[in-house]
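Undergrad: turn this into a model:
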Amino acid sequence: MGKIGDTPSIGELIEQRLNRRDALRGLLGTGAAAAFSVPAGANAQGAGPSSLTFKELAHTLDDRQHVAEGYDVQVLIRWGDPMLAGAPAFDPARQAGAAQEKQFGYNNDYLGLHPLPADNRRGDRFLLVVNHEYLNSSLMFAGLGAGRGANLKSSKQQVEVEMAAVGGAVLEIARENGAWAVVPNSKFARRITANTPMDISGPAAGHDLLKTSADPQGRKVLGMFGNCAGGSTPWGTWLTCEENFHVYFGGDATKLLQPVSRRYGVGGRTSYAWPKYVDRFDLGKEPNESNRFGWVVEIDPYDPAAAPVKRTALGRFKREGCTYAIAKDGRVAFYSGDDERFEYVYKFVTARPWNPNDRAANKDLLDDGTLSVARFDADGKVNWLPMVQGQAPLTPENGFATQADVVIKARLAADLLKATPMDRPEDIETNPVNGRVYVVLTNNGLRKPDQADRANPRGPNDHGHILEISPKDGDHGANEGAWSIFLMGGKPGQDAGARYHRATSDNGWLSCPDNVAFDSKGRIWIATDGGPNAAGIADGLYAADTMGYGRALTRCFYQAPTGAEVCGPIFTPDDGTLFLAIQHPGEDRASTFDKPSTRWPDFKDGMPPRPSVVVITKKGGGAIGS
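TA: Got it, this is the predicted structure:
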């Protein structure tokens with residue numbers, strides 16, 4: 001692929017070997033020529049090229065969860081479980097907004113671990129932060145019927161429950177005698193909902209497009225929702241990202257500013273009954289309210305009294321994740337994807353270095369910096385294009401009079417800069433061992449063959465792929481880098497373009513990568529979203545080496561129950577525990593509260609499927625995967 005100067009990166013050299021004629025060509029176990037030499041008698045289950053030693057799990061699609069042999073999986077917390085003092089036990093037949101505000105929310109997605117230093121000498125006590133993304137009303141309440149159209153039938157009381165069930169949660173968790181549990185009545189425990197007061201900071205704060213009748217100054221907002229992936233900061237705060245915010249708004253769209261609202265999907269068909277009962281979601285009554293969503297929200301998990309802050313300098317879009325890497329000069333780079341077909345990959349670099357010795361000095365670090373969008377060139381270079389007002393074409397003549405206009409209308413600014421439209425950019429993570437950045441592209445069934453390019457080489461792309469970026473000189477503050485393709489999803493030999501290590505087994509291939517995490521050895525763990533529809537297999541978790549002879553040899557480790565998506569994988573620092581968020585179990589076409597396709601995890605009559613956080617450990621202890 002591409003070069004920086006005259007020297008190809010390690011990733012590019014490996015990819016060139018993977019692309020050789022007579023090597024992999026996307027087929028399983030073919031030919032004597034291989035991308036890597038494999039010891040005689042080696043295979044994907046034994047002492048072969050992979051450093052992962054677990055017995056691979058077979059692909060499944062049923063109403064249960066499955067984990068590799070030799071591992072235990074336990075449910076840590078479920079939708080509706082009591083979280084705060086005074087919370088009632090979950091009763092699916094008698095739900096109320098006031099109760100849900102004190103209970104664990106719905107559709108848990110991103111997970112983050114924040115240590116409690118005073119009590120964490122053995123790594124056995126953390127604050128777990130959780131995103132609660134969206135609602136499946138048909139699975140939450142009886143009598144609404146099947147499908148997402150059922151969401152429009154929610155009553156006023158059910159809408160109150162829904163608004164309390166989204167947002168996020170902070171939990172204190174502890175490990176004792178090898179088992180993890182939520183610490184009851186923790187002083188850190190907190191629910192953030194669609195009604196939690198928040199501040200707005202950065203260049204968009206106070207802009208006319210953020211002013212409403214309830215907030216004429218444009219600096220205060222109620223709540224967050226659509227929170228999908230997220231991240232953290234080196235100073236210990238939680239970054240949670242509002243993704244598909246547009247579906248909560250409805251009503252008369254004639255007062256909306258066009259083409260801005262159209263570019264963000266606002267004013268189309270609503271997916272929920274919220275506008276029927278809550279004026280601020282009625283576009284005819286509050287046309288600016290939707291502009292106050294689609295942001296990164298910074299929350300201090302150590303201070304339950306601190307107001308969340310929407311950091312507008314990082315731009316407004318349907319953001320999937322906000323993960324950091326430290327530049328050579330101490331500034332902090334944050335990577336994000338805009339999770340929609342043909343949208344973009346972004347990076348924000350703070351204007352000044354972070355201060356590791358004074359946490360308070362970093363309080364407003366996210367309000368000043370440079371937002372950039374990626375252009376992936378055919379020669380293998382990636383260029384980060386600064387989104388700075390006044391620099392052509394981001395001028396008043398094009399509708400960008402201030403930096404506030406740039407961040408509010410980030411998608412339109414990226415269009416003008418001619419960034420590369422991608423195949424649903426989701427999670428973007430930096431490997432702590434090799435320093436490379438991995439961009440997860442879930443799929444794009446709308447890309448036509450004549451729209452394919454080097455970075456998005458399939459049209460249509462039903463199964464997704466993962467890119468690998470090597471920043472120039474290893475500096476995440478640089479505006480250049482080199483990119484290559486790490487793997488391409490789908491079933492080799494069946495789905496055109498599928499590509500992995502040649503030793504990948506019949507159970508090792510995957511479809512629709514979504515979130516990724518890295519263990520302390522730099523191995524990638526890939527969670528999927530969309531496998532049942534695209535490939536007829538349950539969504540799951542797969543692992544592979546990113547370096548060496550086992551590079552891109554994916555192996556199946558976990559499979560979710562039917563309808564569920566696997567999200568938010570994260571390890572404890574010792575690799576001894578893996579946390580997963582399992583959301584929307586039972587989200588199948590005909591599945592309802594009354595007749596769900598699964599009753600996971602309780603499997604009790606009358607109990608609906610419940611999104612949950614699960615904990616995976618190795619029987620007898622030890623590091624996950626090896």
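Undergrad: where along the stretch 451-600 of the chain do the strands fall?
TA: For the stretch 451-600 of the chain, the strands defined by DSSP state E, counting those that start in this stretch occupy 465-471, 480-488, 513-518, 524-528, 540-544, 555-559, 565-571, 577-583.
Undergrad: tabulate the ones you listed (TSV), appending mean pLDDT.
TA: Output for the strands of the stretch 451-600 of the chain, formatted as TSV (pLDDT from 0 to 100):
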stretch	mean pLDDT
strand 465-471	98
strand 480-488	98
strand 513-518	98
strand 524-528	98
strand 540-544	98
strand 555-559	98
strand 565-571	98
strand 577-583	98
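Undergrad: Throw the ones you listed into TSV and include mean neighbour count and distance to Ala87, thanks.
TA: The C-beta positions use only the backbone N, C-alpha and C, and glycine is treated the same way. Supplementary listing: these in TSV, determined by neighbours: other C-beta atoms under 10 Å; distance: least, C-beta to C-beta, whole Å:
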stretch	mean neighbour count	distance to Ala87
strand 465-471	25	40
strand 480-488	24	43
strand 513-518	26	29
strand 524-528	27	29
strand 540-544	27	30
strand 555-559	26	30
strand 565-571	25	23
strand 577-583	27	20
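Undergrad: any idea which of those strands gets closest to Thr53?
TA: With C-beta to C-beta as the measure, strand 555-559 is the member of the strands of the stretch 451-600 of the chain nearest Thr53 (9.8 Å).
Undergrad: tell me how far the one residue sitting closest to the centre of the chain lies from Cys241.
TA: Nearest residue to the geometric centre of the chain (C-alpha atoms, centre = their mean): Ala229, 2.9 Å. For Ala229, the distance to Cys241 (C-beta to C-beta, to the nearest Å) stands at 6 Å.
Undergrad: mutual contacts of those two, please.
TA: Residues touching both Ala229 and Cys241 (C-beta atoms under 8 Å, 6 or more residues apart in numbering): Tyr110, Asn131, Arg319, Glu320, Gly321, Cys322.
Undergrad: on that earlier part again, nearest residue to the residue nearest to the centre of the chain other than its sequence neighbours?
TA: Distances taken as C-beta to C-beta, 6 or more residues apart in numbering put Gly321 closest to Ala229, at 3.6 Å, once the chain neighbours are dropped.
Undergrad: report how many residues lie close to the one you found.
TA: 27 (other C-beta atoms under 10 Å).
Undergrad: returning to what we had before: who wins for most neighbours among the shared contacts of Ala229 and Cys241?
TA: Using other C-beta under 10 Å as the neighbour test, those are led by Asn131, with 32 neighbours.
Undergrad: need the three-state assignment for it.
TA: Here Asn131 is recorded as strand under DSSP: H, G, I helix; E, B strand; the rest coil.
Undergrad: where does the prediction get shaky in this structure?
TA: Residue ranges of the chain with pLDDT under 70: 1-47, 118-122.
Undergrad: just the helices in it please.
TA: Assigned by DSSP state H, the helices in the chain fall at 10-18, 97-100, 137-140, 156-165, 260-263, 274-277, 403-408, 410-417, 531-535.
Undergrad: can you lay out the ones you listed as TSV showing distance to Lys472?
TA: Below are the helices of the chain laid out as TSV (distance: least, C-beta to C-beta, whole Å):
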stretch	distance to Lys472
helix 10-18	13
helix 97-100	48
helix 137-140	47
helix 156-165	44
helix 260-263	31
helix 274-277	46
helix 403-408	25
helix 410-417	19
helix 531-535	35
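Undergrad: among those helices, which is the most enclosed?
TA: Most buried of the helices of the chain, by mean neighbour count (mean count of other C-beta atoms under 10 Å): helix 137-140, with a mean of 27.
Undergrad: so how far is that one from its chain's centroid?
TA: 23 Å (C-alpha atoms, centre = their mean, to the nearest Å).
Undergrad: could you say what helices and strands it packs with?
TA: Applying 3 or more C-beta pairs under 8 Å, 6 or more residues apart in numbering; DSSP states H and E, we find helix 137-140 packed against helix 156-165.
Undergrad: neighbouring contacts of the helix it packs on?
TA: Counting by C-beta under 8 Å, 6+ apart, residues outside helix 156-165 touching it are 79, 95-98, 100-101, 105-106, 132, 135, 137, 140-141, 154, 191, 193-195, 223, 225, 272-274, 276-278.
Undergrad: circling back to that earlier point, hang on, isn't the residue nearest to Ala229 packed against Cys241?
TA: Yes. Counting by C-beta atoms under 8 Å, Gly321 does reach Cys241; the two are 6.2 Å apart.
Undergrad: overlap of the contact sets of the two?
TA: Shared contacts of Gly321 and Cys241 (C-beta under 8 Å, 6+ apart): Tyr110, Cys228, Ala229, Gly230, Gly231, Ser336.
Undergrad: that older thread, including distance to Glu289, could the strands of the stretch 451-600 of the chain go into TSV?
TA: Formatted as TSV, the strands of the stretch 451-600 of the chain follow (distance: least, C-beta to C-beta, whole Å):
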stretch	distance to Glu289
strand 465-471	35
strand 480-488	38
strand 513-518	29
strand 524-528	32
strand 540-544	37
strand 555-559	39
strand 565-571	27
strand 577-583	26
